[in-house]
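> turn this into a structure:
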Amino acid sequence: MLDNVQSARERWGGVSDLIDRWLRERQDMIVKFCDISGIADFSDTEGVQARFIRFCEVLVDYVSAGHFEIYEQLIREAKEFDDGGLDMMARVYPKIEATTEGALSFNDRLSAESMTEAQLKALMEPLSDLGEQLETRFSLEDFLIEHLHNVHAEKVMESSPSV
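Down below sits the predicted model:
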């Protein structure tokens, strides 16, 4: 039994590290979002476009990590604990996917070619819309982490023998 608890701790402890790293990436993305959302002078088109590109790189990395790392781990936990988490994931995941489409659509607006001041200014309204979608996404992700991962981590800790 102790081996099972230790094995579970190793599995879920690694997941916690993965989630922690992902949440740090979220913070970095938010900082970059705030940086570009506050742009008032678009005359340095190269510099402004570079800021948009850096934001989109972090955005796409964050979204990808969610889909290909975090959500997969949460689904594995839900399957292993078999406590209704899969049903919850089935209800929440499509809402998260919709925000992914918004993020990728925004990323596709950026061109590898030089953009004009007007083209860059035109990104501000879609950026604002994206901010609202990201806020929704963060709430959904936090809900999943709280109700799938954190609950399971507590169950693992409850089942471990006290020292």
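
> which stretches of this structure have low pLDDT?
Scanning the chain for pLDDT under 70 picks out 1-15, 149-163.

> and the helices in it?
With DSSP state H, the ranges of helices along the chain come out as 2-37, 45-65, 71-81, 85-109, 117-121, 124-144, 151-159.

> so for the second one, what gets flagged as buried?
The neighbour-count check on helix 45-65 (16 or more other C-beta atoms under 10 Å) flags 48, 49, 51, 52, 55, 56, 58, 59, 60, 62, 63, 65 as buried. For every residue, glycine as well, the C-beta is placed using N, CA and C.

> residue contacts, the second one?
In other words, residue 49. By C-beta atoms under 8 Å, 6 or more residues apart in numbering, the contact set of residue 49 is 110, 114, 115, 120.

> filter those residues down to the buried ones.
110, 115, 120.

> nearest to residue 39 among those?
The nearest member of the buried ones among the contacts of residue 49 to residue 39, counting by C-beta to C-beta, is residue 120 at 8.1 Å.

> from what I can see that closest one touches residue 53, true?
No. Residue 120 sits out of contact with residue 53 when judged by C-beta atoms under 8 Å, with a separation of 11.2 Å.

> ok, back up a step: nearest to residue 90 among the buried residues of helix 45-65?
For the buried residues of helix 45-65, the residue nearest residue 90 by C-beta to C-beta is residue 63; the value is 19.6 Å.

> and that closest one, how far from residue 22?
From residue 63 over to residue 22 the distance is 11 Å, taken as C-beta to C-beta, to the nearest Å.
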